[in-house]
Structure formats: structure tokens, C-alpha cells
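Participant: What would the 3D arrangement of this be:
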Amino acid sequence: MGQLHHFRSRQAPAPGIHEHAIENLRFIRETMERSGSFTAVPGWGGVAMGITALAAAVLADRARTSAGWLAIWSGAAVLAVAVGIYAIRRKVRAAQTPLLAAPAQKFATSLAPPILAGAMLTVVLFRAGFPAVLPGLWLMLYGAGVITGGAFSVRIVPVMGICLMACGAVALLAPAAWGDVFMALGFGGLQIAFGIVIARRYGG
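Facilitator: Down below sits the predicted model:
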């Protein structure tokens with residue numbers, strides 16, 4: 001009987017060890033998730049966003065008023081955001097990863113502030129009569145958001161942000177009449193080129 005009691009006492013801690021192992025595995029999984037990269041950056045979705053920008057540049061160049069010009073680019077921006085969100089959701093589903101995982105949240109919270117700042121500055125500068133500075137401002141702030149968000153994504157994303165910021169800097173120094181050209185180059189050409197590379201290297 002003494003040996004049986006001793007055997008049972010030795011087996012008793014097993015459930016506690018099992019629970020401790022599960023907790024360790026959960027901790028490891030959450031740590032890996034937090035330190036992971038956001039790989040659902042849209043490739044072909046980015047190409048579609050670039051095509052939208054090219055179409056907007058053609059239409060905006062024919063606008064007769066500054067208000068019409070701003071309306072065209074604002075509509076293109078809303079459409080591009082919708083396309084981007086759809087492409088990200090589709091890529092996330094294909095990879096069977098949660099949309100609200102830690103890397104995705106970090107990417108979104110890093111990208112959003114420059115975009116929101118750009119929206120507020122657009123209203124202020126347009127009311128003040130400085131629409132000519134908007135193309136360079138938009139490109140630089142979008143590029144800044146891509147750089148900060150890209151810190152939690154694949155390496156090519158921050159590179160795209162740097163190129164966008166460079167394009168915006170040149171646009172600010174160039175004649176105002178070239179604004180739509182730089183917008184087509186940045187939001188159109190660069191977005192399409194990097195979108196193709198992302199799609200081929202990391203999936204659509």
C-alpha cells in the first residue's frame with residue numbers, strides 16, 4: 001500500500017505540468033505573432049490602385065476648376081483605399097491568417113497617421129488657396145506612411161515609401177503645372193511597378 005500511495009503522489013503533478021506546457025506554447029505563439037511581418041501587402045491590388053491613379057491623372061489634367069481637380073483626386077483616393085482593403089482581405093483569407101493579427105495592426109496604425117494628416121492639411125491648404133502644393137504633399141505623406149508601416153512588413157515596402165517621398169520632394173520644387181505628372185508617376189507608375197514585384201515575390 002505504501003508503494004501504491006507513493007506512486008500516486010508522484011503521478012499527481014502531471015496535469016499541472018501539462019497546463020504549464022500549454023501556457024508556454026501559447027506564449028511562444030503570441031510572441032512569434034507579435035514579432036512577425038505583415039505579408040498581406042497587396043501586389044496585384046497595388047497595381048489596380050496605380051491604374052486608378054493614372055486614370056485620375058488624365059481626368060484631373062482636364063479639370064477646369066481647382067475644386068473639380070480636387071474632387072477627381074479625392075474620389076480616386078477613396079477608390080484606391082477600397083481596392084487596397086479588398087486586396088488585403090483577399091490575400092489574408094488565402095493565407096488563412098487573421099486580419100487583425102498583431103503585425104497587421106502595427107502596419108495599419110503606422111500607416112494611418114500620415115494619411116490622416118494629409119487629409120487635414122488638404123482642407124487647410126485648399127481653403128488657403130495653395131492647391132499647387134498638394135501633389136508633393138500627398139506623395140511625401142503617403143510615402144512616409146508606407147515607410148513607417150513598412151517597418152512591420154516585407155523589405156520592399158519601405159523602399160517604395162522612400163521612392164514616393166523622393167517623388168513628392170521633387171514635385172514640391174517643380175513647376176505647379178507638373179503636379180498631375182508627378183502624381184501619375186508616384187501613385188501610378190511606382191505603385192504599379194512595386195505592386196508587380198510584390199505580387200511575384202510574395203503572392204498576389
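Participant: Can you pull out the low-pLDDT segments for the chain?
Facilitator: Residue ranges of the chain with pLDDT under 70: 1-40, 94-104, 204.
Participant: Tell me the first helix or strand C-terminal of the longest helix anywhere in it.
Facilitator: Criterion DSSP state H: the longest helix present in the chain is helix 66-95. Counting by DSSP states H and E, the next helix or strand C-terminal to helix 66-95 is helix 102-127.
Participant: That next one to helix 66-95, inter-axis angle?
Facilitator: Here helix 102-127 points in a direction 180 degrees away from that of helix 66-95 (axes from the mean of the first three to the mean of the last three C-alpha atoms, to 10 degrees).
Participant: So which elements touch helix 102-127?
Facilitator: In this structure, helix 102-127 packs against helix 14-35, helix 66-95, helix 134-150, with contacts taken as 3 or more C-beta pairs under 8 Å, 6 or more residues apart in numbering; DSSP states H and E. Every residue, glycine included, has its C-beta placed from N, CA and C.
Participant: Can you get me a residue count around the closest residue to residue 49 other than its chain neighbours?
Facilitator: Nearest non-adjacent residue to residue 49, counting by C-beta to C-beta, 6 or more residues apart in numbering: residue 80, 4.4 Å away. By other C-beta atoms under 10 Å, the residues close to residue 80 number 21.
Participant: can you check residue 121 too?
Facilitator: Applying other C-beta under 10 Å, we find 16 residues neighbouring residue 121.
Participant: ok, it - contacts?
Facilitator: Residue 121 makes contact with 137, 141, according to C-beta atoms under 8 Å, 6 or more residues apart in numbering.
Participant: at 7 Å instead, please
Facilitator: Going by C-beta atoms under 7 Å, 6 or more residues apart in numbering, residue 121 touches residue 137.
Participant: Report the residue ranges of every domain in this protein.
Facilitator: 2-33, 36-202 (automatic domain parsing).
Participant: which of those sits most buried?
Facilitator: domain 36-202 (a mean of 18; mean count of other C-beta atoms under 10 Å).
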